[in-house]
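Chemist: Quick one: sequence plus predicted model below, questions after.
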Amino acid sequence: MTEATQRKRIEPVQAVRHSFTLTDNETGESWELPTIHGSIGPKVIDIRKLYGQSGVFTYDPGFTSTASCSSEITYIDGDKGILLHRGYPIDQLAEKTDFMDVCYLLLHGELPSPEEKSDFDTNISQHTMLHEQLVRFYSGFVRSAHPMAIMVGVVGALSAFYHDSTNIKDPMQRMVAAHRLIAKMPTIGAYAFKYSLGQPFLYPENQLSYSENLLRLMFAVPTEDYEINPIVARALDRILILHADHEQNASTSTVRLAGSSQANPFACVAAGIASLWGPAHGGANEAVLNMLDEIGTRDRISKYLGKAQDPEDNFRLMGFGHRVYKNHDPRAKVMRVTCHEVLNELGVQDPTLELAMELERIALEDDYFVEKKLYPNVDFYSGIILRALGFPTNMFTVLFSIGRTVGWIAHWKEMLESSESKIGRPRQLYVGNEPRDFTAVAQREHTEKKSSWSWLWGGNRNSD
Ligand code: CMC
């Protein structure tokens, strides 16, 4: 009996009720693949046993058709532009509640009772300080360091300080780690900013709300009283809510993958921050403002739309397009409204907003963007609001990471607590050399010798 026939017998065709049939047109063999239905959304084909049965893998670079896990946290319908956290629509959460409520919801699955909410607020506020020795890490960075570089380093370093919450098998320690991460992210992010300015670090003030505390850590100085503007605090809170989670995006998948090897939560979240930094992901909010500044005036919009459509040009319209949304990103809708509110209430006249609106209008009427279903995403308007609130451009992605931490940690927890949890280990389609014999160095063909000045253009051994 061949290996393939043995494998095929594991799941006989008749026994599977809802299934897909996969047929190898070359051999005529076929395999039944069961389908699994979620609570809402498209069903999935369960291919877990496919390789064992058939000897073939599936191929899906970029995971465009792959559900990597099951999750109860967030649901997105990209065609309809729907985003739900634990069933609640994002616009309702953004409008009606605060970031701590959403954090509790994402972590625990339900909105908290008044008592649970108050305990949660207190719990988070009690973890806001950093170990004094960890604070000394900052002085190891150059003042010009990008704050996201500091975030990756300092958050990863938390693992070295909080040993009492790195036993991932202990549910209590997992929860303490979750609280610590949510609580310390504003302190870590604000210190990255203060360090770049050469200003002293402030201690957190635990009687303030999460967003108020973040504003104070960022903008207050010890020599003056700092008055918190409630409009600014509310807008920041809403931005954090809008960034709190977004199912299996690149950074969340990174956190899950890192966590699947049973790495500690601080290291996993540091990996998530690194993934978020890229301009195709969370780095887009910074890239949008840089792009708008580069476009500068309305008359140059068409030139940049042309560049975005030119296959020979790498330029992309930042803040446009999304892997999942083929309709308006519901977060962008709330962000757009918030942007107008904030600028009006603060009396800020930002010509960048006018430019962004004009760019959005023209792009949404352009055949290229219409055909490819490219709509503004969450990052398109967030930068304009953050700038109006006083944040420097290079802090935008840091703020995204502060908001997203709860999503990362909720997914990390869910993964560890799931019976399906396994180390993430994708396979590949190998397209390299076939087996060949080793050649000793003396027998190899000679190549042109590199200039001894090669270090000047990239071979600098000192910076390796
Ligand atoms: N400008 C111009 N063309 C675009 C853009 C854009 N922003 N986005 C996608 N396209 C085109 C792309 O060239 C491709 O064309 P073709 O089919 O002719 O090759 C087609 O649309 C599909 O694009 P894709 O790159 O295959 O789509 P994807 O799902 O892999 O990428 C994306 C999604 C978000 C990375 C991409 O739309 C993009 O690079 N957008 C700009 C960066 C951005 O705003 N990122 C933030 C995303 S939302 C928040 C977050 O994740 O943090």
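Modeler: Now that the structure is in, tell me what you want to look at.
Chemist: residues from the stretch 251-400 of the chain in reach of the ligand?
Modeler: Within the stretch 251-400 of the chain, the positions near the ligand by C-beta under 6 Å from any ligand atom are 280-282, 284, 308, 316-323, 372, 374, 377-379. Placement of C-beta: from N, CA and C, glycine included.
Chemist: Can you tell me which of these are buried?
Modeler: 281-282, 284, 308, 316-322, 374, 377-379 (16 or more other C-beta atoms under 10 Å).
Chemist: from those, which is closest to N123?
Modeler: G282 (26.5 Å; C-beta to C-beta).
Chemist: Can you tell me which of the buried ones among the residues of the stretch 251-400 of the chain next to the ligand is closest to the ligand?
Modeler: Within these, the smallest distance to the ligand is 2.4 Å, found for G321 (C-beta to the nearest ligand atom).
Chemist: Count the neighbours of I40 for me.
Modeler: By other C-beta atoms under 10 Å, 10 other residues sit near I40.
Chemist: Am I right that it is in contact with Y75?
Modeler: Yes. Counting by C-beta atoms under 8 Å, I40 does reach Y75; the two are 6.2 Å apart.
Chemist: Just flag the most distant two among the buried ones among the residues of the stretch 251-400 of the chain next to the ligand.
Modeler: G282 and A308 (20.3 Å).
Chemist: where does the chain have low pLDDT?
Modeler: For the chain, applying pLDDT under 70 flags the ranges 1-17, 450-464.
Chemist: That one: strands as residue ranges?
Modeler: For the chain, strands defined by DSSP state E occupy the ranges 19-23, 30-36, 44-45, 74-77, 82-85, 88-89.
Chemist: What angle do strand 30-36 and the first one make with each other?
Modeler: Which is strand 19-23. 150 degrees (axes from the mean of the first three to the mean of the last three C-alpha atoms, to 10 degrees).
Chemist: Which strands or helices does strand 19-23 pack on?
Modeler: strand 30-36 (3 or more C-beta pairs under 8 Å, 6 or more residues apart in numbering; DSSP states H and E).
Chemist: May I have the strand it packs on as PDB, with CA atoms only?
Modeler: Taking C-alpha atoms only, strand 30-36 is exported to PDB below (Å, rounded to 0.1, in the frame of the first residue of the first chain):
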ATOM      1  CA  SER A  30      -9.200  13.300  -3.800                       C
ATOM      2  CA  TRP A  31      -9.500  14.300  -0.200                       C
ATOM      3  CA  GLU A  32     -12.400  15.700   1.800                       C
ATOM      4  CA  LEU A  33     -11.600  18.800   3.900                       C
ATOM      5  CA  PRO A  34     -14.100  19.600   6.600                       C
ATOM      6  CA  THR A  35     -15.300  23.200   7.000                       C
ATOM      7  CA  ILE A  36     -15.700  25.000  10.300                       C
END
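Chemist: Neighbouring strands - and their directions - for that strand?
Modeler: strand 19-23 (antiparallel), strand 44-45 (antiparallel) (DSSP bridges).
Chemist: most packed of those?
Modeler: strand 44-45 (a mean of 16; mean count of other C-beta atoms under 10 Å).
Chemist: next one: that strand to chain centre, how far?
Modeler: Once both centres are worked out by C-alpha atoms, centre = their mean, to the nearest Å, strand 44-45 turns out to sit 25 Å from its chain's centre.
Chemist: And for it, what's in contact with it?
Modeler: F20, L33, P34, T35, I36, G38, A67 (C-beta atoms under 8 Å, 6 or more residues apart in numbering).
Chemist: Can you give me the distance of V44 to the ligand?
Modeler: 19 Å (C-beta to the nearest ligand atom, to the nearest Å).
Chemist: Just list whatever residues bridge to that residue.
Modeler: I36.
Chemist: give the contact list for the closest residue to the ligand within the stretch 1-150 of the chain.
Modeler: Nearest residue of the stretch 1-150 of the chain to the ligand: G62, at 5.9 Å (C-beta to the nearest ligand atom). By C-beta under 8 Å, 6+ apart, G62 lies in contact with R323.
Chemist: Then S165?
Modeler: By C-beta under 8 Å, 6+ apart, the contact set of S165 is Q173, R174, V176, A177, R180, P265.
Chemist: is it true that A149 touches F141?
Modeler: Yes. Counting by C-beta under 8 Å, A149 touches F141, with 7.2 Å between them.
Chemist: sorry, back to before: buried deepest among the strands of the chain, which one?
Modeler: strand 82-85 (a mean of 21).
Chemist: Could you list every helix and strand in contact with that strand?
Modeler: Partner elements for strand 82-85 (3+ C-beta pairs under 8 Å, 6+ apart): strand 74-77, helix 90-96, helix 99-108, helix 330-346.
Chemist: got the CA positions of that strand in CSV?
Modeler: Provided in CSV are the C-alpha atoms of strand 82-85 (Å, rounded to 0.1, in the frame of the first residue of the first chain):
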residue,chain,number,x,y,z
ILE,A,82,-17.7,46.5,10.1
LEU,A,83,-15.5,46.2,13.2
LEU,A,84,-16.7,44.7,16.4
HIS,A,85,-14.9,44.1,19.7
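Chemist: could we number from 20 for the rest of this?
Modeler: Understood, numbering begins at 20; the last thing we discussed is strand 101-104.
Chemist: ok, that strand: who's next to it in the sheet?
Modeler: Strand 101-104 has its sheet partners listed here by DSSP bridges as strand 93-96 (antiparallel), strand 107-108 (antiparallel).
Chemist: between those strands, which gets nearest to E436?
Modeler: Closest among these, using C-beta to C-beta: strand 93-96, at 16.3 Å.
Chemist: what residues does that closest one touch?
Modeler: So strand 93-96 is in contact with 59-60, 101-106, 125, 264-266, 343-344, 426, going by C-beta under 8 Å, 6+ apart.
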